[in-house]
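**Q** build me a model from this:
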Amino acid sequence: MAILHYVRIAARAAFAIVNNLYCIPAYVVWMLALRLTRTLYAPLYWKIEGLMYHWLLAMVSLWSWTAGYEIIESGDEPAVCTNQRTLVLANHQSTADVPILMTAWNPRPGVLSNLMWIMDRVFKFTNFGIVSVLHKDFFIQAGKARRDASLEELRAHIHKYYIPLGRQFMVLFPEGGFLHKRREISQRFAEKNNLPKLEYVSLPRAGAMKVIMEEVGPHREQPSTSKSEDKKDNNFNQNSVKVANKSGDGIEWILDVTIAYPERVPLHLTDVVCGIRSACTTHIHYRLYPSSEVPSDSEGMTNWLYDRFIEKDKMLEEFYRTGQFPAKGSTPLVTRPVRQDNVRYLILHLFFLASTFIQYKICCALLTCLW
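**A** Below you'll find the predicted structure:
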């Protein structure tokens with residue numbers, strides 16, 4: 001049995017490598033080939049890019065799904081914020097958090113194709129980095145030395161990409177790092193500042209959220225015409241990026257996401273790829289807040305964010321004690337298992353395999369003509 005287990009791990013790792021080799025290059029080549037349409041008709045280019053980006057993330061969700069890592073959702077229904085700009089706040093425990101969210105949102109139409117991740121800069125140098133660069137995700141740089149500069153870069157990125165591209169979701173991990181790295185620092189900070197010492201999450205950093213709410217929040221200041229023109233002049237050619245004029249549409253919802261792994265042991269990316277851990281179920285709990293509930297002043301916003309993570313800590317404590325998240329008021333808790341579409345997975349694989357074959361043949365033909 002041990003030998004079979006290691007054979008399975010090796011087979012899954014080999015499949016993931018091959019899967020990357022015929023999916024990511026196919027996406028990159030199609031996007032480079034379609035760059036001309038970005039100048040002529042930006043909406044078509046970004047519509048195609050969004051669909052292919054979703055299809056690539058579906059490949060990641062396939063790894064998790066086939067490893068037997070089930071997901072059960074509970075709490076508010078995120079479909080309420082469909083077609084409305086939403087800031088997603090999630091707790092951060094391991095490298096599996098992002099793949100788990102991809103898996104949970106893969107069956108939801110219009111989500112993965114229409115979001116912007118805010119992720120650590122180190123991911124820019126992974127195999128998926130080129131995809132995130134082309135999709136215009138944002139890479140934030142950790143550390144005190146670069147914190148202020150990174151926040152200003154985020155401010156510019158919102159106006160350069162998030163607003164012109166009409167993105168709906170913006171996904172932020174406010175803790176700024178994995179729980180096991182941040183817990184001790186967070187508890188020391190809490191002790192010095194008379195705040196609760198959290199066990200299941202760490203106290204969040206409010207800097208990125210402040211920038212987001214200042215730029216696209218409900219209480220943001222509307223820039224004057226002259227300032228708007230200055231920004232337009234300083235940015236690159238807006239006609240090559242603009243999809244829809246949503247610059248007047250601010251963040252309307254805050255989607256608070258709490259991820260709970262079985263037995264307080266988080267999955268890791270190696271588990272998702274290789275299936276090292278036995279099949280298990282991860283729970284995701286949603287809470288929706290109108291963005292107008294978030295105070296506009298810096299201190300009030302920070303305290304509001306602290307309150308959300310203090311609530312998360314209490315919810316996770318109850319989850320690990322009882323096996324389920326607390327109900328909201330007198331309404332009984334309803335759980336929703338996430339189901340994937342295996343036929344769709346097959347079609348997507350055939351698409352990427354066909355794309356790779358077509359691109360290979362075209363490349364061979366071009367090389368023959370040149371030589």
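**Q** next, the nearest residue to residue 35 once chain neighbours are set aside: secondary structure please.
**A** With sequence-adjacent residues excluded and distances taken as CB to CB, 6 or more residues apart in numbering, residue 35 is closest to residue 45, at 7.5 Å. The C-beta positions use only the backbone N, C-alpha and C, and glycine is treated the same way. What DSSP: H, G, I helix; E, B strand; the rest coil gives for residue 45 is helix.
**Q** relative to residue 302, how far out is residue 45?
**A** 39 Å (CB to CB, to the nearest Å).
**Q** quick revisit: from residue 135, how far out is the residue nearest to residue 35?
**A** 12 Å.
**Q** show the average pLDDT along the helix or strand where residue 351 lies.
**A** Residue 351 is part of helix 342-370, with elements assigned from DSSP states H and E. Here helix 342-370 scores 93 as its mean pLDDT.
**Q** what residues of it count as buried?
**A** 345, 348-349, 352, 355-356, 359 (16 or more other CB atoms under 10 Å).
**Q** wait, a strand at residue 118?
**A** Yes: assessed with three-state DSSP, residue 118 lies in a strand.
**Q** and it, how close does it get to residue 198?
**A** In this view, residue 118 and residue 198 are 22 Å apart by CB to CB.
**Q** am I right that residue 284 sits in a helix?
**A** No: Residue 284 is assigned strand when assessed by three-state DSSP, not a helix.
**Q** how many neighbours does it have?
**A** 23 (other CB atoms under 10 Å).
**Q** can you tell me how far the spatially closest residue to it that is not a sequence neighbour is from residue 57?
**A** Nearest non-adjacent residue to residue 284, counting by CB to CB, 6+ apart: residue 73, 5.1 Å away. Residue 73 sits 17 Å away from residue 57, going by CB to CB.
**Q** more neighbours, the two?
**A** residue 57 (24 against 19).
**Q** what ranges do the helices span in the stretch 151-300 of the chain?
**A** 179-192, 207-216, 225-234, 269-274, 298-322 (DSSP state H, counting those that start in this stretch).
**Q** mean pLDDT for those: which is lowest?
**A** The weakest mean pLDDT among the helices of the stretch 151-300 of the chain belongs to helix 225-234, with a mean of 41.
**Q** for this structure, name the helix or strand with the lowest mean pLDDT.
**A** Least confident helix or strand of the chain, by mean pLDDT, DSSP states H and E, is helix 225-234 with a mean of 41.
**Q** number of residues surrounding the nearest residue to residue 205 once chain neighbours are set aside?
**A** The spatially closest residue to residue 205, leaving aside those adjacent along the chain, is residue 176, at 4.7 Å (CB to CB, 6+ apart). Neighbour count of residue 176, defined by other CB under 10 Å: 22.
**Q** distance check, residue 176 against residue 347.
**A** Taking CB to CB as the criterion, residue 176 is separated from residue 347 by 39 Å.
**Q** ok, residue 168 next?
**A** 25 Å.
**Q** distance between stretch 356-371 and the chain's centre?
**A** Chain-centre distance of stretch 356-371: 36 Å, with CA atoms, centre = their mean, to the nearest Å.
**Q** residues touching it, excluding its own?
**A** Contact with stretch 356-371 is made by 22, 25-26, 29, as judged by CB atoms under 8 Å, 6 or more residues apart in numbering.
**Q** which intervals of the stretch 51-200 of the chain have sub-threshold pLDDT?
**A** Scanning the stretch 51-200 of the chain for pLDDT under 70 picks out nothing.
**Q** 80 - rerun?
**A** Scanning the stretch 51-200 of the chain for pLDDT under 80 picks out 142-146.
**Q** so which residues of it form strands?
**A** 69-75, 86-90, 115-120, 138-140, 169-172 (DSSP state E, counting those that start in this stretch).
**Q** and of the ones you listed, who's closest to residue 264?
**A** strand 69-75 (15.9 Å; CB to CB).
**Q** in its sheet, which strands sit next to that closest one, and in what direction?
**A** Strand 69-75 has its sheet partners listed here by DSSP bridges as strand 280-290 (parallel), strand 335-337 (antiparallel).
**Q** centre of the chain versus the last one, how much separation?
**A** Mean C-alpha position of strand 335-337 versus that of the full chain (CA atoms, centre = their mean) differs by 21 Å.
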